[in-house]
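[1] Test case, fold it:
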Amino acid sequence: MNSKKVITISKTVAPILLGAAVYAFGLLYFIIPNQLMEGGVTGITLLLNYAFSIPIFLSTLLINLPLFLLGWKVLGGRQIVYTGVGIGALTFFLWVFERMITAGWIIPFSTEHDFILAALYAGITLGTGLGLVFRFGGTTGGVDIVARILGRNFGWSMGQIILAIDIIIIGSSILYIPKEKILYTLVAVFISSRVIDFIQEGAYAAKAFTIISDDAPQIADLITAEMDRGVTLIPAIGAYSKQAKYMVYCVVSRQEIRRLSLLVKSVDPRAFVIISDVHDVHGEGFRET
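    Numbering: from 1, shown residues only. Down below sits the predicted model:
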């Protein structure tokens, strides 16, 4: 294996390892001390910990290992290799942080009153960890593997499968934790999902302008001259008028929205303008890949 390939793999594996570490820390520092819950296999490991005091790293390994082997056989090695990295890293960091907590090197965040704070930081931490793992092609195993297999064989949506399993697991936790803790768990899960989306879509957000006007060429020239932004003219035909015209497509930063809007109005006050969210922009004038 040449050095270039090693560097490429490292750029993928390193963020997965970091994400697994952050996720493991969030579970042991925020979730368990406050008896909150999670979905998926993590939720099962938490229930086993709450009910029987089984170390979470051990149950994570014992549950995920057969699922990983099943996934390897059904889905193929290439699709699941980074899942193996994620499972191994999560198990390792759970073991490390459990040892550090037992030794007194880390004191978990535990509260008797302000559980909304625990749920908030749990959601941010878990979302950041999973977001990094997902963004670079890994998973932490468990339900993701089951969902892929069922989705391939039965055509079910992965999202629907994961949601159904999460509802069953979190609902089962009412036998071991108070009802209000489940409600705080839902807050943490919601925040976590938003953070995951934020990390996967990219921290940098921009706006895309789609401009329909009879003066599209003049608008494009003005944007190029005044704002130094790349512009694309897209041929179009009006469905009502049947007339050929151009659409202007341009991506700008948030700070340039008003300026571009004013430029368009200065040429054609009746121009039809669509402004859309754009995430993770790469290329000239924006972030380099």
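[2] Now the host helix or strand of K265: buried residues?
    K265 is part of helix 257-267, with elements assigned from DSSP states H and E. Using 16 or more other CB atoms under 10 Å as the burial criterion, the residues of helix 257-267 that qualify are L260, S261, L263, V264, V267. From N, CA and C alone the C-beta is placed, and that goes for glycine too.
[3] same check, this time on stretch 93-103
    Of all the residues in stretch 93-103, those buried under the rule 16+ other CB under 10 Å are F93, L94, W95, F97, E98, I101.
[4] Can you tell me which helices and strands the helix or strand where the third one lies packs against?
    Taking DSSP H and E as the definition, one finds W95 inside helix 77-102. Packed against helix 77-102, as judged by 3 or more CB pairs under 8 Å, 6 or more residues apart in numbering; DSSP states H and E, are the following elements: helix 3-26, helix 56-75, helix 143-154.
[5] Tell me where the model's unsure across the stretch 1-150 of the chain.
    Counting by pLDDT under 70, the stretch 1-150 of the chain contains low-confidence residues at 1-2, 75-79, 148.
[6] Name the nearest residue to A122, ignoring sequence neighbours.
    The shortest distance from A122 to any non-neighbouring residue, by CB to CB, 6 or more residues apart in numbering, is to F30 (3.8 Å).
[7] circling back to that earlier point, rebuild the buried residues of helix 257-267 as JSON lines, extending it with pLDDT and distance to E38.
    What follows is the buried residues of helix 257-267, written out as JSON lines (pLDDT from 0 to 100; distance: CB to CB, whole Å):
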{"residue": "L260", "pLDDT": "92", "distance to E38": "43"}
{"residue": "S261", "pLDDT": "91", "distance to E38": "44"}
{"residue": "L263", "pLDDT": "92", "distance to E38": "49"}
{"residue": "V264", "pLDDT": "94", "distance to E38": "47"}
{"residue": "V267", "pLDDT": "94", "distance to E38": "53"}
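[8] closest to T83 among the residues you listed?
    Using CB to CB, the shortest approach to T83 within the buried residues of helix 257-267 belongs to L260, at 43.0 Å.
[9] show me where the stretch 101-250 of the chain has strands.
    In the stretch 101-250 of the chain, the strands defined using DSSP state E, counting those that start in this stretch lie at 205-213, 232-237, 244-252.
[10] Any chance of a markdown table for those, columns mean neighbour count?
    As requested, the strands of the stretch 101-250 of the chain are exported to a markdown table (neighbours: other CB atoms under 10 Å):
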| stretch | mean neighbour count |
| --- | --- |
| strand 205-213 | 19 |
| strand 232-237 | 11 |
| strand 244-252 | 18 |
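[11] Please identify which of these is closest to G40.
    Closest approach to G40 among these (CB to CB): strand 205-213, 28.6 Å.
[12] partners of the closest one in the sheet?
    strand 244-252 (antiparallel), strand 272-279 (antiparallel) (DSSP bridges).
[13] what comes into contact with that strand?
    Under the contact criterion CB atoms under 8 Å, 6 or more residues apart in numbering, strand 205-213 has outside partners 219, 236, 245, 247-254, 256-257, 260, 264, 267-268, 270-279, 281, 286.
[14] Same check on stretch 93-100?
    For stretch 93-100, contacts defined as CB under 8 Å, 6+ apart pick out 20-21, 23-25, 27-29, 55-57, 60, 106.
[15] Equivalent analysis for stretch 37-56, please.
    Contact partners of stretch 37-56, identified using CB under 8 Å, 6+ apart, comprise 27-28, 31-32, 35, 59-60, 63-64, 67, 94-95, 98, 126, 140-144, 162, 165-166, 169-170, 172-173, 176-177, 181-182, 185, 188-189.
[16] tell me which of the buried residues of stretch 93-103 is nearest to G131?
    Distance to G131, by CB to CB, is smallest for F93 among the buried residues of stretch 93-103, at 16.1 Å.
[17] So for this protein, the centremost residue is which one?
    The residue at the geometric middle of the chain, judged as the C-alpha nearest the mean C-alpha position with CA atoms, centre = their mean, is I196 (2.6 Å).
[18] count of neighbours near Y82?
    18 (other CB atoms under 10 Å).
[19] just V6 next, same as before
    Neighbours of V6 under the rule other CB under 10 Å: 10.
[20] Please apply the same query to the one 4 residues further on.
    Neighbours of S10 under the rule other CB under 10 Å: 11.
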